[in-house]
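# Predicted model and sequence follow; I will ask about them next.
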Amino acid sequence: MIDINLIRTNPQLVKENIKKKFQDAKLPLVDEVLALDEKKRALQREGDDRRAKRNEYAKKIGALMREGKKEEAEEVKKLSKENNEVVAQIEAETAEIDEKLKKDMFAIPNIIADDVPLGKDDSCNVEWNTYLEAKEKPFDVPYHQDILESLDGIDLDSARRTSGNGFYYLTGDVARLHSAVLSYARDFMIDKGFTYCIPPYMIRSDVVSGVMSFEEMDGMMYKIEGEDLYLIGTSEHSMIGRFMNTVTDGAKLPLTLTSYSPCFRKEKGAHGIEERGIYRIHQFEKQEMIVVCKPEESDYWYEKLWSYTVELFVSMQIPVRTLVCCSGDLADLKYRSLDVEAWSPRQKKYFEVGSCSNLTDAQARRLGIRYKDAETGRNRFAHTLNNTVVAPPRMLIAFLENHLQADGRVFIPEVLRKYMGGKEYIEPKKK
């Protein structure tokens, strides 16, 4: 949510930003917000006058009663009652306007960075850099599900019986590899100075509405029937929610946290052939990183966060590239975003394995995340950032394809071996 003062002082900038995001249908919201805001302020002024009048009436009634002027006091009481009724009407109307304002303000996208490339969708995203040489294999690389089955590492049929499509059992060395990657990612981020956390896996609706738009929520979140609780789609949701309606001592910023959680997603919509197997699933696990910082620090942390993901993948000898997200591919809360994509030797192209986002103060305004500025003593909205360290389902695909050997074995890089009992290879069980 952007600062309403920006809409008051520079509505044209807000409208131009909406156009950059190809959301022209939202343009009328700016004028609607201005009209609602003016009406609300007029009501507040009238309400303040009426409340002051109420105090005057109360004093006058008391004075008249002390003077024994009961009839005059009764007349003033009638006026006071009428005044109180108007105050109640003003407060009710103000509350209604507040709800409309909140809905409109939540729908208006955050101002994007000046250097965000303009484009309508992800086809306009721009490659930033590549890391490690993307090599083709001298043999045909099987589909990742076939590799997993050759290692006796997955059971999709049983998962369909117990849970339906979009679920899986991982077994044996593949399950161990899955856990090894998460453990390595955890320790990697701890070594970078981040505090490790395990958050709640369910959050209330006021947190959900603070971290994403209604459209995103509807397409992602599972709601717990009969309760005001949602299963998290990523630990970022509950990690950021932890600071809702709090004021942090500015001297303690930045807060740098890394969190593990399972993630639950509806994954609405039809998926193509490349999304069979474990590419899109309803339940997976992820290591995440978030930062809560001062506004002047957020650009610095944005660069640090995505670089950590690149460093992690490179350390596991997986080629990656970074992709700058264009304006139309940014979610409404995002100021800028960058995707990390891993190389697929089978598809001979890159695919997304993580995303880094700077939300400036848009998320903090929704959730009331503030810090006390030491210089001014005033409370200011913090900036929030999040980034995927690693999400094993997609990461496993990249790992298996890049480390598959011609004889069917899967190579284990040095950094993971201590988590794999010293193993250098996962041996195929089925030829």
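Alright, I've got the coordinates.

# Could you find the closest non-adjacent residue to the most centrally placed residue in the chain?
Nearest residue to the geometric centre of the chain (Cα atoms, centre = their mean): residue 211, 5.4 Å. Distances taken as Cβ to Cβ, 6 or more residues apart in numbering put residue 237 closest to residue 211, at 4.9 Å, once the chain neighbours are dropped. Using the backbone N, CA and C atoms, a C-beta is placed for each residue, glycine as well.

# tell me which element the one you found falls in.
helix 235-241 (DSSP states H and E).

# List the contacts of residue 110.
1-2, 332-335, 359-360, 362 (Cβ atoms under 8 Å, 6 or more residues apart in numbering).

# Between these, which sits nearest residue 195?
residue 359 (20.0 Å; Cβ to Cβ).

# In contact with that closest one, which residues?
Here residue 359 is in contact with 110, 333-335, 383-386 (criterion: Cβ under 8 Å, 6+ apart).

# quick revisit: so the residue nearest to residue 211 is in contact with residue 203, correct?
Yes. Using Cβ atoms under 8 Å, residue 237 is in contact with residue 203, at 5.7 Å.

# where along the stretch 201-350 of the chain do the helices fall?
Ranges of helices in the stretch 201-350 of the chain, per DSSP state H, counting those that start in this stretch, are 205-211, 214-220, 235-241, 298-315.

# Looking at these, spot the one closest to residue 374.
Judging the helices of the stretch 201-350 of the chain by Cβ to Cβ, what sits closest to residue 374 is helix 298-315, at 17.9 Å.

# on contacts alone, who are the packing partners of the host helix or strand of residue 14?
Using DSSP H and E, residue 14 falls within helix 11-20. Where contact means 3 or more Cβ pairs under 8 Å, 6 or more residues apart in numbering; DSSP states H and E, helix 11-20 is packed against helix 4-9, helix 27-66.

# For the helix or strand bottoming out on mean pLDDT in the chain, buried residues please.
Using mean pLDDT, DSSP states H and E, the weakest-scoring helix or strand in the chain turns out to be helix 214-220, at a mean of 72. Buried residues in helix 214-220, counting neighbours by 16 or more other Cβ atoms under 10 Å, are found at 217, 220.

# which residues are in contact with that helix?
By Cβ under 8 Å, 6+ apart, the residues outside helix 214-220 that reach it are 106, 208-209, 212, 230, 233, 265-269, 331.

# mind redoing it with 6 Å?
The contact list for helix 214-220, computed with Cβ atoms under 6 Å, 6 or more residues apart in numbering, reads 208, 233, 265-266, 268.

# Could you do stretch 163-182 as well?
Counting by Cβ under 6 Å, 6+ apart, 151-156, 158-159, 278, 281-282, 287, 390, 392, 416, 419-420, 426 sit against stretch 163-182.

# Among the residues you listed, name the ones in helices.
156, 158-159, 392, 416 (DSSP state H).

# quick one: which of these is nearest residue 403?
residue 416 (10.0 Å).

# Many thanks, we can stop here.
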